[in-house]
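A.B. asks: this one's sequence-less:
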């Protein structure tokens, strides 16, 4: 997707990007920054570790120019905040449904207890969709139990409090090493809006040129990661503190969740909107254009393919 020019502009524009150090979703931005891919695009990218809901508020106030929390951006746009997704590079979930070793398939979840973060958490909606895909009714066939965050869900699974739960990469890989079973990697089955670039509507009006350069950098970061596997795995090991075998598996699973064209499908956006409305028990109708504007991503993708 286009070679990176060697020459750097004399002045770089500082841009502040909200992200979370927890999972691998920021990887395309991190790899682009580590390899100085943004600099030929006249961007000095500063990554700010910040909780997702605070990050979206900071977008609106102008304290941040971008956030990589695509799901949170979509939810905020549904609620009426003046923010939009301009890129979705991670359009499949980085989650696995993990179970006790005696459960052999998703179909075997009938009559079992499924641990979720909360009844309205993003991963609980993913679990329900996965069960439905396998012909298991999440409302009738399974008992949902609110457990809390990932470490608590892992403990609940190991101790038999729940029969299965969703775990994010790389915790799912570590759980597998401890003898638990991966029933399904959700990234191979479901669409879900996870990683991308969210901006304020004001930024779309004022800085379309910069948005295009930022998207270009992310695309080039993804291309670099795909063509520099060992170097990328080393980056996962150092930044995310993983052993090599876990980092290799995590990297390969992560690649399966990346979108080629930087956009989410209309169906994925619609599902995201509907799940967001369910959480707030709202009956309003929200058009796709309120939550996303992929015109920049389309343009950049086309330009990079032509090079």
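C.D. replies: Yep, that arrived. Small disclaimer: the values here were computed from a predicted structure and weren't measured.

A.B. asks: drop to CA atoms for contacts and neighbour counts, all remaining ones
C.D. replies: Will do.

A.B. asks: so where's the chain uncertain?
C.D. replies: Counting by pLDDT under 70, the low-confidence segments of the chain come to 1-10.

A.B. asks: tell me where it has strands.
C.D. replies: With DSSP state E, the ranges of strands along the chain come out as 13-19, 43-49, 66-69, 83-90, 95-99, 113-116, 143-146, 164-168, 181-185, 195-200.

A.B. asks: nearest to residue 265, out of those?
C.D. replies: strand 83-90 (9.5 Å; C-alpha to C-alpha).

A.B. asks: what residues are up against the one residue sitting closest to the centre of the chain?
C.D. replies: Against the mean C-alpha coordinate of the chain, by C-alpha atoms, centre = their mean, the closest residue is residue 194 at 2.6 Å. For residue 194, the contacting residues are 25, 69, 70, 71, 88, 90, 91, 92, 93, by C-alpha atoms under 8 Å, 6 or more residues apart in numbering.

A.B. asks: export these as JSON lines, with columns for neighbour count and distance to residue 188.
C.D. replies: Listed next are the contacts of residue 194 as JSON lines, based on neighbours: other C-alpha atoms under 10 Å; distance: C-alpha to C-alpha, whole Å:
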{"residue": "25", "neighbour count": "25", "distance to residue 188": "16"}
{"residue": "69", "neighbour count": "26", "distance to residue 188": "21"}
{"residue": "70", "neighbour count": "29", "distance to residue 188": "19"}
{"residue": "71", "neighbour count": "23", "distance to residue 188": "19"}
{"residue": "88", "neighbour count": "30", "distance to residue 188": "17"}
{"residue": "90", "neighbour count": "29", "distance to residue 188": "13"}
{"residue": "91", "neighbour count": "27", "distance to residue 188": "11"}
{"residue": "92", "neighbour count": "25", "distance to residue 188": "8"}
{"residue": "93", "neighbour count": "28", "distance to residue 188": "8"}
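
A.B. asks: and these as JSON lines, adding distance to residue 218?
C.D. replies: Shown next, in JSON lines, are the contacts of residue 194 (distance: C-alpha to C-alpha, whole Å):
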{"residue": "25", "distance to residue 218": "12"}
{"residue": "69", "distance to residue 218": "14"}
{"residue": "70", "distance to residue 218": "14"}
{"residue": "71", "distance to residue 218": "18"}
{"residue": "88", "distance to residue 218": "10"}
{"residue": "90", "distance to residue 218": "11"}
{"residue": "91", "distance to residue 218": "14"}
{"residue": "92", "distance to residue 218": "17"}
{"residue": "93", "distance to residue 218": "19"}
